[in-house]
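Participant: With the sequence up front, the predicted model follows.
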Amino acid sequence: MDYSELDQRLPEPAPIHLRYDQLTPQTEFTPHSHRWGQLNRISLGLIELDLVEQEQGERLLAAPAEFLIWVPAGVRHSASVRQAMCYTSVYVGAEAAARLPGLPCLIPQTPLLRALLEDFCQRGVTAIEDPWDRRQAELLLERLVQAGHQHSYLPDSRHRQLAPILAAIRAHPADNTTLAQWAQRVYGTERTLARHFQRELGMSFVQWRSRVRLLRALTWLREGRAVQDIAADLGYGTASAFIAMFNKQLGYSPERYRRQLAEGMS
């Protein structure tokens, strides 16, 4: 097993072990695996993992910073980071990892999860030695189990009615066709399509389209495009409507994201 060299120098997590890095733009991690389960946490932007799974084959798992990416022990993967950022790797011991999903997935950072991790990060905790830190780590693991998970940030579907809708939105994120209008085009009803979105993708039509737009916006912001232009090209009538979507998805504004990018590159 081609374990990461860093793994060889780390003690076994008890129950977790944290590692911190400041990543530069266009950082690439070559294919590797870990002896223990790993939570990947970034400060902003997008992280992309190329996974090789025995059950699923190869797939790309990408997520913005409000999600943690969970990779079980032994799963071979490589990673790409497009912008400078703070990165935290949380290794999880075997006993605790057994309670988390058996396949790589996304775990939403709830406010409590974010606060617990941020406290560890601010204090630079690595190995868990203090009894209070152990209690905090145990609470963190408990909340990770309760937070639920998603197989993909932008799930796909081959459903005969959904597939053409998803393909059209991926190709043209600015398309403002309503769900009722799509229902007419695919010979269904709005209510039926809404049920298909929830059952097949785990979210609403509007939520899925917003995620497509967010991923495109992150790319354009990194390229230096103006917020007003991005809003218009993503189908928003005003820049404020786009900013509201961005804030809802990531918890901060496009301009703050751009400032963080600039600070990370300076």
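Facilitator: Arrived safely. Numbers count the residues shown, from 1 in each chain.
Participant: Helix, strand, or coil at the residue minimising distance to the centre of the chain?
Facilitator: Ranked by distance to the mean C-alpha position of the chain (C-alpha atoms, centre = their mean), the top residue is residue 63 at 2.3 Å. Following DSSP: H, G, I helix; E, B strand; the rest coil, residue 63 is assigned to strand.
Participant: Let me see the contact set for it.
Facilitator: By C-beta atoms under 8 Å, 6 or more residues apart in numbering, the residues touching residue 63 are 46, 47, 69, 106, 153. C-beta here means a position set from N, CA and C on the backbone, and glycine is covered the same way.
Participant: Recalculate using a threshold of 10 Å.
Facilitator: By C-beta atoms under 10 Å, 6 or more residues apart in numbering, residue 63 lies in contact with 40, 42, 46-49, 69, 105-108, 150, 152-154, 215.
Participant: Any idea what it is bridged to?
Facilitator: Per DSSP bridges, the residues bridged to residue 63 are residue 47.
Participant: And residue 94, how close does it get to residue 35?
Facilitator: 9 Å (C-beta to C-beta, to the nearest Å).
Participant: what about the two, which has more around it?
Facilitator: Applying other C-beta atoms under 10 Å to residue 94 and residue 35 shows that residue 35 carries more neighbours, namely 17 against 13.
Participant: Pretty sure the more buried one sits against residue 13.
Facilitator: Yes - using C-beta atoms under 10 Å, residue 35 makes contact with residue 13 at a distance of 9.4 Å.
Participant: what is in contact with these two at once?
Facilitator: What both residue 35 and residue 13 touch, as defined by C-beta under 10 Å, 6+ apart, is the set 91, 94.
Participant: Go ahead and confirm residue 16 touches residue 134.
Facilitator: Yes - using C-beta under 10 Å, residue 16 makes contact with residue 134 at a distance of 9.4 Å.
Participant: Now do the helix or strand where residue 120 lies: everything it contacts.
Facilitator: Here residue 120, judged by DSSP states H and E, is contained in helix 111-123. Contacts of helix 111-123 with the rest of the structure, by C-beta under 10 Å, 6+ apart, involve 16, 18, 20, 39, 41, 43, 65-66, 68, 86, 88, 90, 107-110, 125-126, 128, 130, 133, 136-137, 139-141, 143-144, 146-147, 251.
Participant: change it to 7 Å
Facilitator: Helix 111-123 is contacted from outside by 18, 20, 41, 88, 136, 139, 140, 143, 144, 147, using C-beta atoms under 7 Å, 6 or more residues apart in numbering.
Participant: That helix: what's the following helix or strand?
Facilitator: Later in the chain than helix 111-123, the nearest helix or strand by DSSP H and E is helix 131-146.
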